[in-house]
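Undergrad: Would you be able to build a 3D model of this:
(2 chains)
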Amino acid sequence: MIAMSDIYDNIMDLAKRRGFIWPTSECYGSVAGFIDYGPLGSMMKRNIENVWRRFYVIQEGYYEIECPTIGQEDIFIASGHVKGFSDKMCQCPSCREYLRADHIAEAHGLTGASVLGTEDLARLICTLPCPACEEVLGPVEVFNFNLMFQTAIGPGSQRRGYLRPETAQGMFTDFQRLLRFYRDKLPFGAVQIGKSFRNEISPRQGMIRLREFTQAEAEIFVHPAGKVHPAFSRYAAYKVPLLGIAQQEANQPPVVFRMDEAVRAGTVANQYVAYYLALTNELLVSIGVNPEKLRFRQHLPDERAHYAEDCWDAEIFSERFGWVETVGIADRTDYDLRAHERQSGERFLVFIPYETPEKESRIRVVPNMGALGPRFRGNARAVAEAICACVPGPEGLTVTIDGEDVHITPDLYTVREEVVEVPGTEVVPHVIEPSYGIDRMIYAVLEHSYHEEMVDDEERRVLRLPANVAPIQVAVFPLMNRDGLPEIAMEIAGAIRGQGILAEYDDSGAIGRRYRRQDEVGTPFAITVDYDTRDDRTVTLRDRDSMRQVRVPIEGIADLIGSLIEGHRSFDGL
RNA sequence: GCAUCGAUGGUCUAGUGGCAUGACUUAGGCCUUCCAAGCCUAUAGCCCGGGUUCAAUUCCCGGUCGAUGCACCA
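TA: Sure thing, here's the model as predicted:
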């Protein structure tokens, strides 16, 4: 048994050596928080993204969009990132420690420090001691450290732009287009897979905390009053380990819930959140996350954003990093759309028709223009509009025109009670947001699939990646590099490639070495052409995990490999 | 960002103020009829910048990256 602390080093060593993950721009010395995906890493990442697409785009029907990674300032004013995505910091003049200024104030019982401006906060803390070196801070400068990368759009005066800190905003800013695309009906969703950027102060956990990372996010717009998922039955009986608020407060382990029961018990806020907890569980396990090392932790009330109705993190256990938040699933209510309404002045509404138009009696105030005109002349129109917006009392009403209160007597209008037909209502949808950190998923899959074992006194390193995630899906070898065997092997590799499957041909070195090479990068299947092949047109097919081999005919082997990768057939069934 | 420690071929590693070890890997060849066998050959290295010195991979200073602790972590 190898020490757990070494596993990370061994995995990252393998990842570097075999072209999964590299430190970026090494020839200039790399930069913390940025990584390169090598040839196999890129392939594996794409495969995982495609599994994600299978769930969200194909299964759920939420189409993918692609927005710029640079956004104008208004977007992030609305989202709250310009104001809220920064920390007020100061540097202790004595020990040069960087400190959270608001935390210092709050540690000394001064509440509300987080909403103060930088200058007020500087005044507030100047008499307080530095938490690191105990010296009184004195007149320090408090500054905002915003976690967004800022840039300028265009030359000259230059509009301010930011690299997006999440992909989500694109689905909100495109809301009205999306609504039309989905023909004005709730619920609908849109997804985006792409790069996001956060200028982390100190990214020191390898590929767990990156400054540039890939997110896969879905924004699902639902009717605020009916968070009933139309396909809830798919996951109603699905079981997921939930670490709810109750378990956390009682310091208890997660409880395995059926999703329908979790909703009924009120542990999960609604069917939508429960549905995506279950879907996420299924998705993560299908890409190779060990289900024993997966749990869903509910945000405690004080860590949850004030507007969120419910929020859960899928946490994956890493031998190196402990429980790592990898997916966030939140009911964000109408917070985001309303924020963009305020900032943009646009409306983000969906018209919901009633089944039958409702009759509603209304009091309508109708201005008497014949009397208003001569009396108010140029202001008559403004007065009339003001009257319409009022509910008059028995003595008439008072409106304000150009800052002056004007009394309107009842003879200047008539009040009518009328019945109108209301065809429907308008709502601002609520948003369910499952948000996946693709890079963290990739790390988790690498760690969970990495195994070292002894075979004939020789160490064997193997990545037990699911076949649809493995960067190379099948390897084809001639047993000997002569006697016509390479020709047959190359022919087989070509046939498999013809099916759109990545096959690697390798005739270098002993056969055992070639198997080991593929084991190390997780190739699930290997085909070997031997001398019998020349006589009976059969080859051996080797299973990575069991190292077992079966003989199968060359005829139809490309289809067979395809079925094995897709999971339509199993190796044990051959 | 601070403090401590570290950095030698792709990987692991020996070692040094004066020609830098070995193993594994990789490539080519020989051999080889199914799990890292053997033989021959080849490729490839002292993190970066500055200083001290006749001479620096080695000593000193600064930086980068990594590990650990502190701090930070929508």
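Undergrad: what's the single longest strand in chain A?
TA: Scanning chain A for the strand with the most residues, using DSSP state E, yields strand A:350-367.
Undergrad: Can you spell out which helices and strands pack onto that strand?
TA: When contacts are defined as 3 or more Cβ pairs under 8 Å, 6 or more residues apart in numbering; DSSP states H and E, strand A:350-367 sits against helix A:380-388, strand A:413-427. The way it works is simple: take the backbone N, C-alpha and C, and place the C-beta from them, glycine included.
Undergrad: Single out the most deeply packed of the ones you listed.
TA: helix A:380-388 (a mean of 17; mean count of other Cβ atoms under 10 Å).
Undergrad: which sections of the stretch 151-300 of chain A are below the confidence cut-off?
TA: By pLDDT under 70, the weakly predicted segments of the stretch 151-300 of chain A are A:156-157.
Undergrad: Check whether A:W312 sits in a helix, strand or coil.
TA: Classification of A:W312 using DSSP: H, G, I helix; E, B strand; the rest coil returns strand.
Undergrad: if we can go back for a sec, among the helices and strands packed on strand A:350-367, which comes closest to RNA strand B?
TA: Comparison of those against RNA strand B by Cβ to the nearest atom of the strand identifies strand A:413-427 as nearest, at 25.5 Å.
Undergrad: For the helix or strand following the closest one, output the C-alpha coordinates as CSV.
TA: Using DSSP states H and E, the helix or strand that follows strand A:413-427 in sequence is strand A:430-437. Coordinates of each C-alpha in strand A:430-437 appear next as CSV, following Å, rounded to 0.1, in the frame of the first residue of the first chain:
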residue,chain,number,x,y,z
HIS,A,430,-36.7,31.9,-10.9
VAL,A,431,-33.4,30.4,-11.8
ILE,A,432,-32.1,27.0,-10.9
GLU,A,433,-28.4,27.0,-11.5
PRO,A,434,-26.2,23.8,-11.6
SER,A,435,-22.6,25.0,-12.0
TYR,A,436,-19.8,22.5,-12.6
GLY,A,437,-16.1,23.0,-12.2
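Undergrad: could you say what helices and strands the helix or strand just after strand A:430-437 packs with?
TA: Counting by DSSP H and E, the element after strand A:430-437 in chain order, helix or strand, is helix A:438-449. Under the contact definition 3+ Cβ pairs under 8 Å, 6+ apart, helix A:438-449 sits against helix A:4-17, helix A:39-53, strand A:212-222, strand A:310-318, strand A:322-331.
Undergrad: any chance of these in JSON lines, plus distance to A:F232 and mean neighbour count?
TA: Listed next are those as JSON lines, based on distance: least, Cβ to Cβ, whole Å; neighbours: other Cβ atoms under 10 Å:
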{"stretch": "helix A:4-17", "distance to A:F232": "38", "mean neighbour count": "15"}
{"stretch": "helix A:39-53", "distance to A:F232": "21", "mean neighbour count": "19"}
{"stretch": "strand A:212-222", "distance to A:F232": "12", "mean neighbour count": "23"}
{"stretch": "strand A:310-318", "distance to A:F232": "16", "mean neighbour count": "22"}
{"stretch": "strand A:322-331", "distance to A:F232": "15", "mean neighbour count": "20"}
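Undergrad: Now whichever residue of the stretch 251-400 of chain A sits closest to RNA strand B: closest residue in space, sequence neighbours ignored.
TA: For the stretch 251-400 of chain A and RNA strand B, the shortest gap (Cβ to the nearest atom of the strand) falls at A:G328, measuring 5.7 Å. Counting by Cβ to Cβ, 6 or more residues apart in numbering, A:G328 lies nearest to A:S435, which is 4.7 Å off, once chain neighbours are set aside.
Undergrad: what's the one you found in contact with, if anything?
TA: A:166, A:168, A:215-218, A:327-330 (Cβ atoms under 8 Å, 6 or more residues apart in numbering).
Undergrad: for those, which one is nearest A:Y276?
TA: Using Cβ to Cβ, A:I329 comes nearest to A:Y276 of those, at 5.0 Å.
Undergrad: any idea how far that closest one is from A:R381?
TA: Per Cβ to Cβ, to the nearest Å, A:I329 is found 52 Å from A:R381.
Undergrad: returning to that earlier point: flag whichever of the helices and strands packed on strand A:350-367 has the least confidence on average.
TA: Here the helices and strands packed on strand A:350-367 differ in mean pLDDT, and the lowest is helix A:380-388 at a mean of 69.
Undergrad: Strands of the stretch 451-574 of chain A, residue ranges please.
TA: Secondary structure of the stretch 451-574 of chain A (DSSP state E, counting those that start in this stretch): strands at A:458-463, A:474-478, A:503-505, A:525-529, A:538-543, A:549-553.
Undergrad: now, of these, which is deepest in the fold?
TA: Greatest burial across these, using mean count of other Cβ under 10 Å, falls to strand A:474-478, with a mean of 27.
Undergrad: strands paired with it, and their directions?
TA: Paired neighbours of strand A:474-478 in the sheet (DSSP bridges): strand A:503-505 (parallel), strand A:525-529 (parallel).
Undergrad: A:F145 is in contact with A:R198, isn't it?
TA: No - assessed by Cβ atoms under 8 Å, A:F145 is found out of contact with A:R198, at 11.6 Å.
Undergrad: Kindly report the residues of the stretch 151-300 of chain A close to RNA strand B.
TA: For the stretch 151-300 of chain A, the contact set with RNA strand B under Cβ under 7 Å from any atom of the strand comprises A:165, A:198, A:200-202, A:204-206, A:209.
Undergrad: looking at this, A:F145 is in a helix?
TA: No - A:F145 is assigned strand when assessed by three-state DSSP, not a helix.
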